[in-house]
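K.L.:
One predicted model, sequence on top.
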Amino acid sequence: MLLSIGKKRSATDLHDLVLDCHERIRHFTALAVKLATLDASAEERAGVAASVARYFEKALPLHIRDEDESILPRLRGRAPDVDAALTRMHDEHEEHDAMRAELVERTLAIAIDPQVYPEHVERLRTLAPALRDALHLHLESEERVIVPALPRLLSVDERRAVIAEMRARRDEGHVLSRA
């Protein structure tokens, strides 16, 4: 399976691949916010809810693993400002998890039975913007310190290794989802 993250950019450019992931996070958080105010048919709401649930249940955790398991260990110890940003990044991943899990639970419920939308919409109206705002601040922080450090502090071989690990995670997820 090809690594498919965001817009078409160099499959060997870790910096761009991470930024593409960040664009997707922004897209799906905006879609989650839109779901909370969507004036549409039940079928359309179910489709949007399914997309949001799928992204936050499957794709976002892969991106978090990319950062925590592949990027963090390689960058750790190379620069004090980067170390502080890596600690903050990892801590925020854990802080966001409860909101992410609740969003998945609610959007899956709507995807399965769009008639339950009224039971979830009020909570979505506060949950989705809160998660969006938290993730946008998180991404901005990463893009200020961590993302520019990738080409500066990691060798070409280290960046290739991270990309290979990213591919393997997605291949594993693809195989598991087909089982």
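P.N.:
Ah, there it is. Quantities reported herein were computed from a predicted structural model and do not represent experimental measurements.

K.L.:
contacts, neighbours, all on C-alpha from now
P.N.:
OK.

K.L.:
May I ask which helix or strand encompasses residue 37?
P.N.:
In the assignment (DSSP states H and E), residue 37 maps to no helix and no strand.

K.L.:
How about the contacts made by it?
P.N.:
Counting by Cα atoms under 8 Å, 6 or more residues apart in numbering, residue 37 makes contact with 121, 125.

K.L.:
Let's see the pLDDT reported for it.
P.N.:
pLDDT recorded at residue 37 is 92.

K.L.:
and residue 118, how far is that from residue 106?
P.N.:
11 Å (Cα to Cα, to the nearest Å).

K.L.:
Same drill for these two, tell me which one is more crowded.
P.N.:
residue 106 (19 against 11; other Cα atoms under 10 Å).

K.L.:
helix or strand for the closest residue to that one other than its chain neighbours, which one?
P.N.:
Among residues not flanking residue 106 along the chain, residue 120 sits closest, at 6.4 Å (Cα to Cα, 6 or more residues apart in numbering). Following DSSP H and E, one finds residue 120 within helix 117-153.

K.L.:
mind listing what's buried in that helix?
P.N.:
Across helix 117-153, burial judged by 16 or more other Cα atoms under 10 Å covers 117, 121, 124-125, 127-132, 135-136, 138-139, 141-143, 145-147, 149-150, 153.

K.L.:
what's the next secondary structure element after it?
P.N.:
helix 156-178.

K.L.:
I'd like the average pLDDT over that next one.
P.N.:
Mean predicted lDDT for helix 156-178 stands at 83.

K.L.:
how much does that helix deviate in direction from helix 117-153?
P.N.:
160 degrees (axes from the mean of the first three to the mean of the last three Cα atoms, to 10 degrees).

K.L.:
Buried residues, helix 156-178. List them.
P.N.:
So, applying 16+ other Cα under 10 Å, buried residues of helix 156-178: 158-160, 162-163, 165-167, 169-170.
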